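1. Sequence first, then the predicted structure:
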Amino acid sequence: MKKTTGNVDGSARLYPNPATNKIFLTNTQGAYTYNLIGIKLAEGNFSENNGADISKLAAGMYLLKAAGNTYKFTKQ
């Protein structure tokens, strides 16, 4: 499993990080959000224009899995 927070060889890029209300992911469609103990919290489709609403998540660190990559992000 590849862990990243940005572009790696043209892969998707997660931004902003840290975030408060929305995160955006480039170059991908389906994604899954997990807490750090591996419980799936959400799933959905991304587009660069609408992003994903994370406002209801508690402050902390999360994992987002998409397109064969795992991205770590912080909710403030």
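-> Yep, it's here.
2. and the nearest residue to residue 22 once chain neighbours are set aside, what does it touch?
-> Counting by Cβ to Cβ, 6 or more residues apart in numbering, residue 22 lies nearest to residue 51, which is 4.2 Å off, once chain neighbours are set aside. To be clear about C-beta, it is placed using only N, CA and C from the backbone, and glycine gets the same treatment. Shown in contact with residue 51 (Cβ atoms under 8 Å, 6 or more residues apart in numbering): 22-25.
3. Next, count neighbours for residue 25.
-> Counted with other Cβ atoms under 10 Å, the neighbours of residue 25 add up to 23.
4. which residues pair with it across the strands?
-> residue 14 (DSSP bridges).
5. buried sites along stretch 25-40?
-> By neighbour count, with 16 or more other Cβ atoms under 10 Å as the criterion, the buried positions of stretch 25-40 are 25, 28, 31, 33-34.
6. For that stretch, give the mean pLDDT please.
-> Here stretch 25-40 scores 88 as its mean pLDDT.
7. and what of stretch 50-59?
-> 90.
8. tell me which residues in it are buried?
-> In stretch 50-59, counting by 16+ other Cβ under 10 Å, buried: 51-52, 54, 57.
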